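*Asks:* need a structure here:
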Amino acid sequence: MLYKFHDYKFEKIANRYYDIIRSAMNNLGHSEVVEDNPADLHFYNHTTTDIKKVFIVKPTAPTSRHFAIDSMGYANSSALSFTRPDINNDMDWESVVELRNTKPNKWDDSVLLKWKDSKDIPDDHILVIGQMPDDETVHGFGFGDHIVKLKMIVDKLHGENVVIKLHPRYKNPVLVKQWKDAGHHVITGFDCIHSILPKTRVAIIDNSTAGIECLMHEVPIISYGWPEYHWATQKLQTLTQLKNLVNDLSWHQKEYAKQFIEWYINNYLCHDVISTENRLKELINANV
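*Replies:* All right, here's what the predicted structure looks like:
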């Protein structure tokens, strides 16, 4: 099979993962070409497609080494977000614990970003996680105003023990003051989420990759944006459900959530040539 890479978006980010995919494809007996015409298979990054023989590449948590290859897209537009996976492998939970203990994140290779441990985090809190409002997963794939939804969720949780973790690049001092004045603990900087999650009772998430870290810490998740890990969460259909869901966690399927995230990290994502070969064989066989 002949294959071609396309520098669709974020070229410097994509090329690192393309090098691993190139080695895996060559090991599987396929050949790279430069021209579009003879190529049987095309690789793009950070986009979506409904065309066969096109695979989407997207870096993601838990570390800077991990990335997904999908036949449809990424995050809430991936094939995984639409089709519940058949998880039948033996669970290696210890590998997740070992990884978790290193406090990884998808930017852990950056020399510019300095992550610090959060201080004075209240015990047994509800963690509300915000994203950049122009993030494609919440504005383009998902639809509606992410910040409006975030504000409605926080308003609904009035009187509860709430920690709000905003995206470090999002700046809205008026909103932050409003939430602090209401008694909420608001995090706006580059705080390591691994220092927060041990005190989290339940997390509320739209589409953030922080959900991967929540699952690694066995934190129950209420999701409202159909992330690809929504199979291991409680889906929030209406805002009227929220108060009951945060105070009664009987819906949480702890064992399945552990099985899902272990499978996701160790069997679905790629992180080296061998794991990439395994994923590509699966995808190519399903798309020939």
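*Asks:* In space, what's closest to Met25 - neighbours in sequence excluded?
*Replies:* Nearest non-adjacent residue to Met25, counting by CB to CB, 6 or more residues apart in numbering: Tyr3, 5.6 Å away. For glycine as for every other residue, the C-beta is placed from the backbone atoms N, C-alpha and C.
*Asks:* where does that neighbour land in three-state SS?
*Replies:* strand (DSSP: H, G, I helix; E, B strand; the rest coil).
*Asks:* i'd like the first residue to be 286 from this point on
*Replies:* Sounds good: first residue 286 from here, last item Tyr288.
*Asks:* Give the full set of residues in contact with it.
*Replies:* Tyr288 makes contact with Met310, His315, Ser316, Glu317, Val318, Ala324, Asp325, Leu326, His327, Phe328, according to CB atoms under 8 Å, 6 or more residues apart in numbering.
*Asks:* how about the strands of the stretch 286-435 of the chain, start to end?
*Replies:* Using DSSP state E, counting those that start in this stretch, the strands of the stretch 286-435 of the chain run over 287-290, 316-317, 326-330, 339-344, 352-355, 401-402, 410-414.
*Asks:* quick one: the third one to strand 339-344, angle?
*Replies:* Read it as strand 326-330. Orientation check (axes from the mean of the first three to the mean of the last three CA atoms, to 10 degrees): strand 326-330 against strand 339-344 gives 30 degrees.
*Asks:* And strand 326-330, how far out from the chain middle?
*Replies:* In terms of CA atoms, centre = their mean, to the nearest Å, the gap separating the centre of strand 326-330 from the centre of its chain is 21 Å.
*Asks:* can you give me the helices in the stretch 386-535 of the chain?
*Replies:* Per DSSP state H, counting those that start in this stretch, the stretch 386-535 of the chain carries helices over the ranges 431-441, 458-466, 495-501, 527-532.
*Asks:* what sits up against the third one?
*Replies:* Around helix 495-501, the neighbours that count as contacts under CB under 8 Å, 6+ apart are 345-347, 381, 384-385, 390, 412, 414, 450, 478-479, 482, 485, 488, 490, 506, 508, 512, 514, 517-518, 542-543, 545-546, 549-550.
*Asks:* Pretty sure Gln538 sits against Trp516.
*Replies:* No: when contacts are counted by CB atoms under 8 Å, Gln538 is not listed as touching Trp516 (9.6 Å).
*Asks:* Neighbour count: the two, which is higher?
*Replies:* A direct count of neighbours by other CB atoms under 10 Å for Gln538 and Trp516 places Trp516 higher, at 19 against 14.
*Asks:* Now do the residue nearest to Met310 against Glu379, distance only.
*Replies:* When CB to CB, to the nearest Å is applied, the distance between Tyr288 and Glu379 equals 36 Å.
*Asks:* CA atoms of the helix or strand bottoming out on mean pLDDT in the chain as CSV?
*Replies:* Every helix and strand in the chain was compared by mean pLDDT, DSSP states H and E; the lowest is helix 296-312, with a mean of 88. In CSV, the C-alpha atoms belonging to helix 296-312 read as follows (Å, rounded to 0.1, in the frame of the first residue of the first chain):
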residue,chain,number,x,y,z
GLU,A,296,3.1,21.2,11.1
LYS,A,297,5.8,21.0,13.8
ILE,A,298,3.5,19.1,16.1
ALA,A,299,2.4,16.7,13.4
ASN,A,300,5.8,15.8,12.1
ARG,A,301,7.0,14.2,15.3
TYR,A,302,4.1,11.7,15.2
TYR,A,303,4.4,11.3,11.4
ASP,A,304,8.0,10.0,11.9
ILE,A,305,6.7,7.2,14.2
ILE,A,306,3.9,6.4,11.8
ARG,A,307,6.3,6.4,8.9
SER,A,308,8.5,3.8,10.7
ALA,A,309,5.4,1.7,11.6
MET,A,310,4.0,1.8,8.0
ASN,A,311,7.4,0.8,6.5
ASN,A,312,7.7,-2.0,9.0
